[in-house]
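Undergrad: Sequence plus predicted model, see below.
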Amino acid sequence: MTGYWILINYAEFKDRVAGWSTFSSAEVWYYVFVTTALSLVISLLIFSVMLYMIINRLGNENSIHKLN
């Protein structure tokens, strides 16, 4: 999945930006990896926080029901 995301970012950057500019192949790949890594880190951080919140909410609800 990550590989697909990288290829999509590469194709999009190559067509939209590098097509009318003077980027070398190394600069294109650098930009692609930086932007992909940034978006993946943000997505994983949001996913982790939401998963933590869901697990804690379910854990608290189960412990309350056990007391009753």
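TA: Here it is on my side, so go on. Numbers count the residues shown, from 1 in each chain.
Undergrad: Low-confidence stretches in this protein?
TA: 61-68 (pLDDT under 70).
Undergrad: centroid residue for the chain?
TA: By Cα atoms, centre = their mean, the mean C-alpha position of the chain lies nearest to Leu40, the distance being 2.1 Å.
Undergrad: I figured that one hits Trp5, correct?
TA: Yes - at 7.2 Å, Leu40 counts as touching Trp5 under the criterion of Cβ atoms under 8 Å. From N, CA and C alone the C-beta is placed, and that goes for glycine too.
Undergrad: quick one: the helices in the chain?
TA: 2-16, 25-67 (DSSP state H).
Undergrad: just those: most buried one?
TA: The highest mean neighbour count among the helices of the chain, using mean count of other Cβ atoms under 10 Å, belongs to helix 2-16: a mean of 13.
Undergrad: if we look at it, which residues are touching it?
TA: Residues lying outside helix 2-16 but in contact with it, judged by Cβ atoms under 8 Å, 6 or more residues apart in numbering, are 28-29, 31-33, 35-36, 39-40.
Undergrad: export it as PDB, just CAs?
TA: Output of helix 2-16 as PDB, limited to C-alpha atoms (Å, rounded to 0.1, in the frame of the first residue of the first chain):
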ATOM      1  CA  THR A   2       2.800   2.400   0.800                       C
ATOM      2  CA  GLY A   3       4.500   1.500  -2.400                       C
ATOM      3  CA  TYR A   4       1.400   2.400  -4.300                       C
ATOM      4  CA  TRP A   5       1.100   5.700  -2.400                       C
ATOM      5  CA  ILE A   6       4.700   6.500  -3.400                       C
ATOM      6  CA  LEU A   7       4.100   5.800  -7.000                       C
ATOM      7  CA  ILE A   8       0.900   7.900  -7.100                       C
ATOM      8  CA  ASN A   9       2.800  10.800  -5.500                       C
ATOM      9  CA  TYR A  10       5.600  10.400  -8.000                       C
ATOM     10  CA  ALA A  11       3.300  10.400 -11.000                       C
ATOM     11  CA  GLU A  12       1.400  13.400  -9.700                       C
ATOM     12  CA  PHE A  13       4.500  15.400  -9.000                       C
ATOM     13  CA  LYS A  14       6.200  14.400 -12.200                       C
ATOM     14  CA  ASP A  15       3.100  15.500 -14.300                       C
ATOM     15  CA  ARG A  16       2.100  18.600 -12.400                       C
END
